[in-house]
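Colleague: After the sequence you'll find the predicted model.
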Amino acid sequence: MSRISREIVTLQFGHYASFVGTHWWNIQNSAFIYNPSDLTGPKEINNDVLFREGENLMHEVTYTPRLIIFDLKRSLNTLKETGTLYELQTPGKDVSYPWEGKMEKFDLDSKSRNEFLQDLDFEEALERGGALHAEKDTDEVEMEGIETGDFKVFEPKFYNLDDSVVVWSDFLKPHLHPKTMAIVKNFQHGNDLETFDIFGYGADVYKEQRDEIEDHLRFFAEECDNLEGFILLVDSYNAFGGLASSFLLDALDDYRKKSSMVYSVSPGTFPATPVNREHYQLLNVAMSYDGLLPSSSIFIPMSVSSSPWKASEPFCQCPYLQYRIDLPYHTSALLAANIDTVTLPLRLEDGPMSMHDLISPLTPFERKLMSTYTSFPLPIDEYGSLLDTLSRDDADISRRLRSLTPYVSECSLAPFSQYSVCRGVDSPRRQGFSESAADGIASVDDAILRLFEKTFKTHYQFSTTVRQPCKVVAPYPNIFSTSVTSSGQISSVRLRNPCQGVQSVPALTVVQSSGHGKVHLDTLCTEVERLKLHRLPAFLNAGLESDQFDEILESLRSQAGVYKDSADMD
């Protein structure tokens, strides 16, 4: 029987959302296995769910994300709006362009592209037979030596891009289709005089560019054999929340039977702004929640900050991570790893879940707002096992999970519903571990299920385990402490060389519906209630009226009401 893929279209609304998305696409791209002989076991991930196959002008097979990106003018740096797949030529040969859209030809200044992008260009030139025109040493790109005592270990090249990443395209690995970019025409990235920071501006952009946006959507949706739904990454704290709300309410009306998974993402810190600008971000979040939450199938706010609209301590502190809270390049990497893990059940090669089957049991009674938690990396000793980790005296799994949802500090022990994904663990025990000591636990599924049944009191929960770890090779940032080995285990004796990167890590992710949903929405409403609308003239000028402001608060309070304290469950 031939496999039937359930396709998903992804949409990224905003610049930080595309930081998160870029890491996510890179993580997936790094895990591609092109040669079946390189498989170490059964193939686990069906990449066709989120990627699409095509053909470029050279009649070469292409594989690009099924993706639409909404961003501002001048936000792409060296990336062309139409990408490069339809502009490549073979050396010394003219090519006609059957592409009907607007095209522009120009040469990129290699000096404006960072080291990682230059190496990508070089590798592509080699693959396309352009080795004669390449000026770099192949060994310099693919491998470099790491001194470790008396010998040298060869590893994939180590990059430090912290100071060279300015926009998300500075570390984008896969090619994009020409229909991917949907640029907001009347606003420019980095223009402080005309900022895209009012919810109503985004709603207006949707009205003005509706035909173009629907054209992009139809292109990706209509080529699907079995379109299942949509995943949205949204900057809810600025005008992109208004654009995404209008899109979800209107453009997806034709796909009302399809599921939509919405991630509201925000950075760890924001540029220094006057107080009223912070209030803009707060009101944008409230209006975005009011627009997105009722229209979505599931809604997951995410940030390393404890607030979705301002820098606020405590920040997410993972024991084996050393990331910079001020770098979107760093903070978005943590969110992307979580999203990649959360969505694995949708992308399994064998027995994938549909979006509806995944989401529906988690969201009864319209409890759509979820909180998400991570153990990244999942701390497994270099010479230990999952069971060793879970059998320690301090092995309460709730203590190992770190919240990635604002206003939520820790996971609930009595959620309404939850699901978890554990990845990167082949076996629950190390070789030689006795069956009696393991209490009959024969698989990672058994270990996780036993642990969760012991820890959490809930009406509904399920878990998925995947052998494939989370790939964190370049250009993923170097945010792991030196006690994390290159393969992701924890070593207290042999520290990793700081100039040697981590290749992959095991991870555990949990998504919960609980009383924290009420805490989250109540906290947001309390903060919004302190605002004085007459002191925010930009919102008034964009069409927000006092009655509408009150209705938004009433709506959010009503949505909070579907959550009672989950600890009081019968």
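Modeller: Structure's in. What do you need?

Colleague: For the rest of this, base every contact and every neighbour count on C-alpha atoms.
Modeller: Noted.

Colleague: would Asn186 count as being in a strand?
Modeller: Yes - membership of Asn186 in a strand is supported by DSSP: H, G, I helix; E, B strand; the rest coil.

Colleague: how about it, what does it touch?
Modeller: By C-alpha atoms under 8 Å, 6 or more residues apart in numbering, the residues touching Asn186 are Lys73.

Colleague: One more pass at 10 Å, please.
Modeller: Asn186 is in contact with Leu72, Lys73, Glu194, Phe196, Val205, counting by C-alpha atoms under 10 Å, 6 or more residues apart in numbering.

Colleague: Ala239 reaches Phe199, doesn't it?
Modeller: Yes - using C-alpha atoms under 10 Å, Ala239 makes contact with Phe199 at a distance of 4.2 Å.

Colleague: Name the residues contacting each of the two.
Modeller: By C-alpha under 10 Å, 6+ apart, Ala239 and Phe199 have these common neighbours: Ser245, Tyr280, Gln281, Asn284, Val285, Ser288.

Colleague: Test my guess that the third one contacts Asp197.
Modeller: Yes - here Gln281 reaches Asp197: they are 7.5 Å apart, a contact under C-alpha under 10 Å.

Colleague: shared neighbours of the two, anything?
Modeller: Common neighbours of Gln281 and Asp197 (C-alpha under 10 Å, 6+ apart) are Tyr237, Asn238, Ala239.

Colleague: who wins for neighbours among the residues you listed?
Modeller: Tyr237 (31 neighbours; other C-alpha atoms under 10 Å).

Colleague: Tell me how far it lies from Glu60.
Modeller: Taking C-alpha to C-alpha, to the nearest Å as the criterion, Tyr237 is separated from Glu60 by 41 Å.

Colleague: just the shared contacts of Gln281 and Asp197 now: which is nearest Glu44?
Modeller: Nearest to Glu44 among those is Tyr237, at 36.2 Å by C-alpha to C-alpha.

Colleague: What score does that closest one have for pLDDT?
Modeller: Looking at Tyr237, its pLDDT stands at 97.

Colleague: got it, and Arg402?
Modeller: Looking at Arg402, its pLDDT stands at 96.

Colleague: can you pull the contacts of it?
Modeller: Arg402 neighbours (C-alpha under 10 Å, 6+ apart): 304, 315-319, 372-376, 408-411, 509-510.

Colleague: can you check Lys518 too?
Modeller: So Lys518 contacts 367, 369, 524, 556-566 (C-alpha under 10 Å, 6+ apart).

Colleague: looking at it, Leu249 is touching Ser260, isn't it?
Modeller: No - between Leu249 and Ser260 there is no contact, the gap being 11.2 Å when judged by C-alpha under 10 Å.

Colleague: what touches both of those two?
Modeller: With contacts taken as C-alpha under 10 Å, 6+ apart, Leu249 and Ser260 have Ser295, Ser296 as neighbours in common.

Colleague: Which one's more surrounded, these two?
Modeller: Ser260 (26 against 15).

Colleague: Look up how far Glu212 lies from that one.
Modeller: Distance of Ser260 to Glu212, given as C-alpha to C-alpha: 21 Å.

Colleague: Which ones among the shared contacts of Gln281 and Asp197 map onto helices?
Modeller: Judged by DSSP state H, the subset of the shared contacts of Gln281 and Asp197 located in helices is empty.

Colleague: How many neighbouring residues does Phe240 have?
Modeller: Phe240 has 33 neighbouring residues, counting by other C-alpha under 10 Å.

Colleague: Could you tell me which residues make contact with it?
Modeller: The contact partners of Phe240, by C-alpha under 10 Å, 6+ apart, come to 12-15, 17, 70-72, 184, 196-203, 205-206, 234, 246, 284, 288.

Colleague: how far out from the middle of the chain is stretch 482-491?
Modeller: 23 Å (C-alpha atoms, centre = their mean, to the nearest Å).

Colleague: who's in contact with that stretch?
Modeller: With C-alpha under 10 Å, 6+ apart as the contact definition, stretch 482-491 has outside contacts at 155, 320-322, 376-385, 424, 469-473, 480-481, 492-507.

Colleague: Now do the helices in the stretch 1-150 of the chain.
Modeller: Applying DSSP state H, counting those that start in this stretch to the stretch 1-150 of the chain gives helices spanning 15-30, 115-127, 138-142.
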